[in-house]
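A.B. asks: Sequence and predicted structure are below.
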Amino acid sequence: MAALALFGGIGLSEQKAKETLKNEALSGLLAQAIQQAQDICGSTLDKATGTLLYNAATRLKDQRRLGFLVNYIANKGVSSDLQLNASLDYIKNHPVDPIDTEDFERECGIGVVVTPEQIEEVVEATISKYRNQIMLDRYRFNMGLLMGEARNELKWADGKIIKNEVDLQVLNLLGPKTEADLEKKAKAPKQKAATETTEDKKESEVNGELHIAFERLVGAGSARGGESTNNVPPATATATAPPLMIPSVSLQPTQVSVPNFPADESKGFHTVPITSTIYIEQSDFREVTEKGYKRLTLEQSVGLRHAGYVISVQRVLRNKNGKLVELEATCRKSDMAEKPKAFIHWVSNPLMCELRLYERLFLHKSPEDPSEVPGGFLSDINPNSLVVLGDAMLDVSVRTAKPFDKFQFERVGYFSLDPDSTEQKLVFNRTVMLREDPGKI
């Protein structure tokens, strides 16, 4: 059926496409939106555009304005959920034609793209503004103030990305929480600023040649089971996807000590190996150094979190198709190298695993409400409610995990081990995304 193929072409699963076809009104609107977008962009639409088109067709109550909104989506003026939500609200609140396009574009952030580098730069400036007070109050400082000011500067940035960046930069500034930080007192005692230290330094070569290859990774810290409460989240593991591989010619294999709970080191530590090959996240490397980008480039070194090493890229290696597959780099102990601008996650000797990333099942808060979803709740199912990463990597410390053990994978979310796991491959289900409260599981 042509309509089935049309809907599949924007990323809908066969089941979701068939369910959509059952709703004649919705399927007609969606087909109209797709065809209009194809007239502008060509016959092939990327999945992100397809998702925005689907959401616009299902959520826009004034169907007369669908073509107006689709034009902005197809031309990448509306490229995020924030912009789409603002556009839908604007159209709802301005029912009289014609729409003031200048006002619409200004109010809905049309064409605005916020890069990770911009977020990193704004958060850094905000933290710098309050640095003295943060150093004095440490984790008792009102981090919401940092979030609020960053959001004011970057109205169209994803809030969860801003929060993650604030958390990361504060952690790099202060180090892990101490027992004093966790004490419930009206006023926190003054704490000296935490400095970057080399953890578990081992006898090994100071310099090492490294290679880095792209894979899919979930990575470096490792994980321990933990209860999910507001004050005690599941133990943390660093998560990255997809990654880069780094083997070292002269770096001697050793063990690195990592806290089970970075916010509370009193809960113990575990060790992870660092061998002649490590993996980092692909997005943590760029060939060209851009303003605000602090991670690994050909001209810029980074530290390996918890490992006590700094790496520097020497050469880029590509396959026969020209795809970047590996990097050669050098490795130095952090106490013998200039302090890097950033510390990144990594794994070594990793386990292959499958991650099942669950999103919200429905697009609306009240899918059963006919005023919100005229086509019924089945027409409101989120086509991206499940994404499976079948070739992720995780550090070996979770090898003995049991079904339903809970973990936090850094930069990914909170996970539980699925009973589908085998000795050959572990399977983890994401139970809570980072932007949600893990205490509400």
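C.D. replies: The structure has been received and is ready for your questions.

A.B. asks: For the longest helix anywhere in the chain, buried residues please.
C.D. replies: Using DSSP state H, we find that the single longest helix of the chain is helix 24-41. Under the neighbour-count criterion of 16 or more other Cβ atoms under 10 Å, helix 24-41 has 26, 27, 29, 30, 31, 32, 33, 34, 36, 37, 38 buried. Placement of C-beta: from N, CA and C, glycine included.

A.B. asks: for stretch 354-363, same thing?
C.D. replies: Within stretch 354-363, the residues that qualify as buried are 354, 355, 356, 357, 362, 363, counting by 16+ other Cβ under 10 Å.

A.B. asks: re earlier: with just CA atoms, put the longest helix of the chain into CSV.
C.D. replies: The C-alpha trace of helix 24-41 is given here as CSV (Å, rounded to 0.1, in the frame of the first residue of the first chain):
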residue,chain,number,x,y,z
GLU,A,24,-8.8,8.3,8.2
ALA,A,25,-8.6,11.9,9.2
LEU,A,26,-5.2,11.6,10.8
SER,A,27,-3.7,9.6,8.0
GLY,A,28,-5.0,12.1,5.4
LEU,A,29,-3.4,15.0,7.3
LEU,A,30,-0.1,13.1,7.8
ALA,A,31,0.0,12.2,4.1
GLN,A,32,-0.7,15.8,3.2
ALA,A,33,2.2,17.0,5.4
ILE,A,34,4.6,14.4,4.1
GLN,A,35,3.9,15.2,0.5
GLN,A,36,4.3,18.9,1.1
ALA,A,37,7.6,18.3,2.9
GLN,A,38,8.8,16.1,0.0
ASP,A,39,8.0,18.8,-2.5
ILE,A,40,10.4,21.1,-0.5
CYS,A,41,13.1,18.6,0.6
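
A.B. asks: Would you mind confirming that residue 384 is in contact with residue 360?
C.D. replies: No - using Cβ atoms under 8 Å, residue 384 makes no contact with residue 360, being 9.3 Å away.

A.B. asks: Let's have the buried residues of stretch 354-363 in a markdown table, adding distance to residue 309.
C.D. replies: Below are these laid out as a markdown table (distance: Cβ to Cβ, whole Å):
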| residue | distance to residue 309 |
| --- | --- |
| 354 | 30 |
| 355 | 27 |
| 356 | 33 |
| 357 | 30 |
| 362 | 46 |
| 363 | 45 |
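
A.B. asks: In terms of distance to residue 147, which of those residues ranks first?
C.D. replies: Nearest to residue 147 among these, counting by Cβ to Cβ, is residue 357 at 24.3 Å.

A.B. asks: and that closest one, which of the three is it?
C.D. replies: Using DSSP: H, G, I helix; E, B strand; the rest coil, the three-state assignment for residue 357 comes out as strand.
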